[in-house]
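J.: I need the structure of the sequence given here:
(2 chains)
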Number of protein chains: 2
Amino acid sequence: MESERPLTESLIECVPNFSEGRDPARIDALELAISSVPGALVLHRASDPDHNRSVITFAGKPEAVIEAAVRAAAKAAELIDLNCHRGVHPRAGALDVLPFVPLGETTLAQCVTIAHRAGERIWSELGIPVYFYQAAAIRPDRVNLENVRRGQFEGLREASLADATARPDLGGPALHPTAGAVIVGARKILIAYNVNLKTTNLQIAKSIAKRIRASSGGLPSVKALGLPLSSRGLVQVSINLTDFEETPLHVVYSEVCRLAEAEGIEVKESELIGLMPRKALEAAAVGLLKLAHFDSQDVIENRVETLASLARR
Amino acid sequence: MESERPLTESLIECVPNFSEGRDPARIDALELAISSVPGALVLHRASDPDHNRSVITFAGKPEAVIEAAVRAAAKAAELIDLNCHRGVHPRAGALDVLPFVPLGETTLAQCVTIAHRAGERIWSELGIPVYFYQAAAIRPDRVNLENVRRGQFEGLREASLADATARPDLGGPALHPTAGAVIVGARKILIAYNVNLKTTNLQIAKSIAKRIRASSGGLPSVKALGLPLSSRGLVQVSINLTDFEETPLHVVYSEVCRLAEAEGIEVKESELIGLMPRKALEAAAVGLLKLAHFDSQDVIENRVETLASLARR
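T.: Here you go, the predicted model:
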């Protein structure tokens, strides 16, 4: 079984945000910088011309992901001059934000290490200063991305020279003259998930959203909005779940169902926006089936992968 | 990614039933005959001394699984003499039954081909005659295993000589003098699954079992019994699901919940006996979350495996 190493062992997702969302040739070149690394698998790509920004999601093992991230930073610095960049989304770098996200059995702590290794290479090999944010932050005032990016490229390059506390974590004090700085981080995966209700009464969606969101005392790790789906005659509770292990998907779903039912409203369906990790779906099935004593190794394919992995040691 | 072939590509489960359930040294030797094949992964082993029978579940790619099945048949013929075998479970061979089961993206048709290839090797290399059953049957009267095994070793060896219609599909007319015949087949995976109810009223479990089982007009592919769990003060609807694609797990669960609720009884929990395939759990989550437009490739790890597989072509 030497050739059968499970892919989900040490798998990491990386979600670089580039300050280019209009020129398809440049965006292709950025994607190619990533996919040219063997083992770096591009999962998704989205561009917004108003934001003038693209997000390319890819995954792979640590070495492949770090190499692809560094090549992406180099290509972005080659193609993008922030002095000429306009867009409604704030940005501090040509490669603006570079989060590493654990998949499979990978831990957030491993992603912090990888973020730091990628950041060190970006500074030492490319000469682009680096800030670390969220779980990879090395200063508490830099956990929050918006705090780090305040003032954007134009403001930060002044502040970094003028004020020692605004300096990048690696490199500086001057930012790169055209590529700015890269904000490198580690975070848990975000699940974008909606529940659609069979009513046109937007107030019901807004009220349910308010009751489930963490910021108003609802479920931890839940952000939620009530939105109209006018063309379909429905309303939507639009949810971002920032930690599906803290609040599992089925807990959010069941709570929306319970609150809708209390208003006499039926849930039509739920929907996933983008991708979700396998563990989130497994946990939802186990929760909704009230499956007692369940272990992930009770799934045949999971056990096969574990046994194959052990057989190689 | 040459070394990263997904394990779940072309994965097959094999569930040999051996006519030996008492001597641990012999059962160890049977397991070793399987696990000595690189890529044949033993998932589970169960022996019953009254049945005098053992079931060893293993999985792997087609070539590994066929090789391990043939070695298991050879070792069983070496160690077991049916002339001296006593047990309450009917049997026709030292290796009695050899079903191949699709996992992952493997189809039942592929398992039929594999069953036929394994059967041909068992006859040509070991001189043990073979009957084919269930999806691998080549005669309609041999689809049902109990039809094939009627008369057991002692009756079949007479019948096979006396009556051309009782001859094995490969080899014969005489059965092997000590190892009998191997009954080789292909079937879908069986999920053993129970739902436990918060009542001591056994009639309720029996009545729900009757209403959901296929044989009394309930859900297709469902076998069910009502059983007491006296020490826990519960009753159980004990379910065998023979085709989770025809009747998904959550449909069975939801129907039991609905029928229990109609009797004013609460469902305490459900439980899995043994293992279940990943697809069954994914389908249950999607069904219970009413997840619209869901595709298996929306699961990040599934997409990564597909992309890695495409990258190698």
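J.: Surely A:Leu11 is in contact with A:Lys61?
T.: Yes - A:Leu11 is within contact range of A:Lys61, at 6.9 Å (criterion: C-beta atoms under 8 Å). Yep, even glycine has a C-beta here, placed from its N, CA and C like the rest.
J.: more crowded one of these two?
T.: Between A:Leu11 and A:Lys61, A:Leu11 has the larger neighbour count (other C-beta atoms under 10 Å in any protein chain shown), namely 24 against 18.
J.: Next one: the more buried one from A:Ala73, what distance?
T.: Distance, A:Leu11 to A:Ala73, using C-beta to C-beta, to the nearest Å: 21 Å.
J.: Equivalent analysis for A:Asn17, please.
T.: 12 Å.
J.: Now for these two: what residues contact both?
T.: When C-beta atoms under 8 Å, 6 or more residues apart in numbering or on different chains defines a contact, the residues bordering A:Asn17 and A:Ala73 alike are A:95, A:98.
J.: out of these two, which sits in the more crowded spot?
T.: Taking other C-beta under 10 Å, A:Asn17 and A:Ala73 do not tie; A:Ala73 has more neighbours (29 against 20).
J.: Can you check my assumption that the more buried one lies in a strand?
T.: No - applying DSSP: H, G, I helix; E, B strand; the rest coil, one finds A:Ala73 to be helix, outside a strand.
J.: What count of nearby residues applies to the residue of the stretch 1-150 of chain A found nearest chain B?
T.: Per C-beta to the nearest C-beta, A:Leu41 is where the stretch 1-150 of chain A lies closest to chain B, at 4.3 Å. Around A:Leu41 there are 28 other residues, counting by other C-beta under 10 Å.
J.: Could you give the bridge partners of it?
T.: Beta-bridge partners of A:Leu41, counted by DSSP bridges, are A:Ala59.
J.: so it makes contact with B:Val304?
T.: Yes - using C-beta under 8 Å, A:Leu41 makes contact with B:Val304 at a distance of 5.7 Å.
J.: joint contacts of these two?
T.: The overlap between the contact sets of A:Leu41 and B:Val304 (C-beta under 8 Å, 6+ apart) consists of A:Ala59.
J.: So chain A: which segments form each domain?
T.: Taking automatic domain parsing as the criterion, chain A consists of the domains A:12-186, A:191-300.
J.: The last one vs chain B: in contact?
T.: Yes - contact between domain A:191-300 and chain B is present through A:196, A:249-250, A:253, A:267-272, A:274-278, A:281-282, A:284-286, A:288-294, A:298-300 (criterion: C-beta under 8 Å from any C-beta of the partner chain).
J.: In helices only, show me these.
T.: A:249-250, A:253, A:278, A:281-282, A:284-286, A:288, A:300 (DSSP state H).
J.: okay, those residues in JSON lines with pLDDT, distance to A:Asn240 and neighbour count next?
T.: Rendered in JSON lines, the data for those read as follows (pLDDT from 0 to 100; distance: C-beta to C-beta, whole Å; neighbours: other C-beta atoms under 10 Å in any protein chain shown):
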{"residue": "A:Leu249", "pLDDT": "96", "distance to A:Asn240": "12", "neighbour count": "25"}
{"residue": "A:His250", "pLDDT": "96", "distance to A:Asn240": "16", "neighbour count": "22"}
{"residue": "A:Tyr253", "pLDDT": "97", "distance to A:Asn240": "14", "neighbour count": "23"}
{"residue": "A:Arg278", "pLDDT": "91", "distance to A:Asn240": "19", "neighbour count": "22"}
{"residue": "A:Leu281", "pLDDT": "94", "distance to A:Asn240": "17", "neighbour count": "29"}
{"residue": "A:Glu282", "pLDDT": "94", "distance to A:Asn240": "21", "neighbour count": "23"}
{"residue": "A:Ala284", "pLDDT": "96", "distance to A:Asn240": "17", "neighbour count": "27"}
{"residue": "A:Ala285", "pLDDT": "96", "distance to A:Asn240": "22", "neighbour count": "26"}
{"residue": "A:Val286", "pLDDT": "96", "distance to A:Asn240": "23", "neighbour count": "22"}
{"residue": "A:Leu288", "pLDDT": "95", "distance to A:Asn240": "21", "neighbour count": "22"}
{"residue": "A:Ile300", "pLDDT": "91", "distance to A:Asn240": "33", "neighbour count": "26"}
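J.: got the domains of chain A as JSON lines, with distance to B:Phe153 columns?
T.: Rendered in JSON lines, the data for those read as follows (distance: least, C-beta to C-beta, whole Å):
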{"stretch": "domain A:12-186", "distance to B:Phe153": "47"}
{"stretch": "domain A:191-300", "distance to B:Phe153": "32"}
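J.: Out of those, which is closest to B:Gln110?
T.: domain A:191-300 (16.5 Å; C-beta to C-beta).
J.: What does A:Gly171 show for phi and psi?
T.: The phi and psi values for A:Gly171, taken as degrees, to the nearest 10, are phi 80, psi -170.
J.: so A:Ala64 makes contact with A:Pro38?
T.: Yes - applying C-beta under 8 Å, one finds A:Ala64 in contact with A:Pro38, separated by 6.8 Å.
J.: Spell out the secondary structure type for A:Gly39.
T.: Assigned with three-state DSSP, A:Gly39 falls in the coil class.
J.: same deal with the one 4 residues further on?
T.: With three-state DSSP as the basis, the three-state label of A:Leu43 is strand.
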